[in-house]
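> Here is my input, please return the structure:
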Amino acid sequence: MADAILTLNAGSSSVKFALFEADGATLTLASKGEIEGIGTAPHLVARDLRGTVLADRRWPDPHLDLQPLLAEAIAVAERHLGADTLIAVGHRVVHGGASHHRPERVTPGLIAALDDLVPLAPLHEPASVALIRAIAAERPDLPQVACFDTAFHHTMPAVAMRLALPREYEEAGVRRYGFHGLSYEYIAGRLKEIAPELAAGRVIAAHLGNGASLCAMQAGRSIETTMGFTALDGLVMGTRCGAIDPGAILYLQQQRGLTAKQVEDLLYRKSGLLAVSGGLSSDMRALLASDDPRAREAVELFVYRIAQQAGALASALGGLDGLVFTAGIGEHAAPVRAMVCARLAWLGVALDERANAANAAVISAPESRVAVRVIPTDEETMIARHTLATVR
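Residues are numbered from 1 along each chain as shown. Got it, this is the predicted structure:
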């Protein structure tokens, strides 16, 4: 018999889950799945590592509560475990605020604290809290662990966290936090395993997906990142605007008559690649395949902002030894990587075009002064590791 960990990663209308078997401190992925269409047409699919379907179920009721959906996910996991024992559930929680620097066992007090953080991450935090509550209702004796996406960035110096606002707001928690921390923590760990000299140096990691950000790492520790107080800041994203002049927000409210709720919906759900492409798509694959000039303009802006902000992070690092691409776009979109690297040639980045087209692990040319790598991220493994360590 072995112990097992179930990880949950909540989206706005979906939940990704993964089951890990624990042999001592060694974790092995056993199966993965997703519940999608929550609130519209719930659909659960789970597969083992060979791709064999373990479960495929749809529910006709679009208003079904989370609890029965998660009960089915747990049941699928436990059927697959056989004699092994599910000992805990680990959650990716986007925002931990100023007080939560490390993974924590879920308690009623922590749930209340997460409720207070919802205004800081309105797109993601409510889904995470709802998942935690649903698991607690379904399996009250099953330990849960919250793993915070902001925790990795608590090593940033105070000057990188500070906003130029009156001190009273900083004391109330209005500061830069940074996100995608579980992904960056995994990348930092992988770099230590596969390129220890590079890991000890100055590296920019580019987590490029529907949500996108950059992180400047010195010796594996975050010293700066592009996202700030919320996950809206920084790079252009699928449906999020990225960095924007605060005066534009005032204009939208004062001159165009948008309410705060309408501005929130605009910036989180109707901006980014979707908006610049004229509503064509928020999916980079569709934009790269399109002949529409608006699609090309969206891709150009995405790349321009990455290169622009990478330059700022290189300044914070005092130079650059390595660049790592990760997440969906970073791992698979060779044209985007090529365009970013071309704009960073001034930093000494030289691309091996053949290696890049093949999605190789190392895509920099031999003469490049900056090592450029592609490393698949694995937030689920990071969550499982933290969860196992916390409950033991």
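> tell me the helices in the stretch 101-250 of the chain, going along the chain?
Remark: helices assigned in the stretch 101-250 of the chain by DSSP state H, counting those that start in this stretch are 108-117, 125-138, 158-161, 167-171, 181-194, 196-199, 246-254.
> Pull the CA coordinates from the second one and hand them back as CSV.
Coordinates of the C-alpha atoms in helix 125-138 are reproduced here as CSV (Å, rounded to 0.1, in the frame of the first residue of the first chain):
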residue,chain,number,x,y,z
GLU,A,125,-9.8,33.1,-6.3
PRO,A,126,-13.6,32.5,-6.1
ALA,A,127,-13.2,29.2,-8.0
SER,A,128,-10.4,28.0,-5.7
VAL,A,129,-12.4,28.8,-2.6
ALA,A,130,-15.5,27.1,-4.0
LEU,A,131,-13.4,24.0,-4.7
ILE,A,132,-12.0,23.9,-1.1
ARG,A,133,-15.5,24.3,0.4
ALA,A,134,-16.9,21.6,-1.9
ILE,A,135,-14.2,19.1,-0.9
ALA,A,136,-14.7,20.0,2.8
ALA,A,137,-18.4,19.3,2.4
GLU,A,138,-17.9,16.0,0.5
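> Tell me which residues are up against that helix.
Residues external to helix 125-138 that are found in contact with it (C-beta atoms under 8 Å, 6 or more residues apart in numbering): 8, 10-12, 15, 65-67, 70-71, 74, 89, 91-95, 106, 111, 114-115, 117-118, 142, 144, 146. Where C-beta positions appear, they are placed from N, C-alpha and C, glycine not excepted.
> same thing but at 6 Å, please
8, 10, 12, 66-67, 70-71, 89, 91, 93-95, 106, 114, 117-118, 144 (C-beta atoms under 6 Å, 6 or more residues apart in numbering).
> so how far is it off the chain centroid?
Centre-to-centre, helix 125-138 and its host chain are 19 Å apart (C-alpha atoms, centre = their mean, to the nearest Å).
> If you count neighbours, what's buried in stretch 214-225?
Applying a neighbour-count criterion of 16 or more other C-beta atoms under 10 Å, one finds 214-218, 220, 222-225 buried in stretch 214-225.
> what's the closest of these to Tyr177?
Comparing those against Tyr177 with C-beta to C-beta picks out Thr225 as the nearest, at 8.7 Å.
> so who does the closest one touch?
Neighbours of Thr225 in contact, by C-beta under 6 Å, 6+ apart: 153, 178, 215.
> follow-up on the earlier one: so which of the buried residues of stretch 214-225 are in strands?
214-218, 222-225 (DSSP state E).
> Span of stretch 322-330 from start to end?
Distance across stretch 322-330, first residue to last, is 15 Å (C-alpha to C-alpha, to the nearest Å).
> repeat for stretch 201-220
Its start and end residues considered, stretch 201-220 measures 8 Å (C-alpha to C-alpha).
> same thing with stretch 249-261?
Taking C-alpha to C-alpha, stretch 249-261 runs 12 Å from one end to the other.
> Helix or strand with the lowest mean pLDDT in this structure?
Within the chain, no helix or strand scores below helix 66-81, which has a mean of 77 by mean pLDDT, DSSP states H and E.
> Output that helix in CSV with nothing but the alpha carbons.
Extracted C-alpha coordinates of helix 66-81, given in CSV (Å, rounded to 0.1, in the frame of the first residue of the first chain):
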residue,chain,number,x,y,z
LEU,A,66,-19.5,21.5,-7.6
GLN,A,67,-19.9,18.9,-4.9
PRO,A,68,-21.2,16.0,-7.0
LEU,A,69,-18.7,16.8,-9.8
LEU,A,70,-15.8,16.6,-7.3
ALA,A,71,-17.3,13.5,-5.7
GLU,A,72,-17.1,11.8,-9.1
ALA,A,73,-13.5,13.0,-9.6
ILE,A,74,-12.5,11.6,-6.1
ALA,A,75,-14.3,8.4,-6.9
VAL,A,76,-12.4,8.0,-10.2
ALA,A,77,-9.2,8.6,-8.4
GLU,A,78,-9.8,6.1,-5.7
ARG,A,79,-11.0,3.4,-8.1
HIS,A,80,-7.7,3.9,-9.9
LEU,A,81,-5.7,3.7,-6.7
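> Which SSE is immediately downstream of it?
Once helix 66-81 ends, the next helix or strand along the chain (criterion: DSSP states H and E) is strand 85-93.
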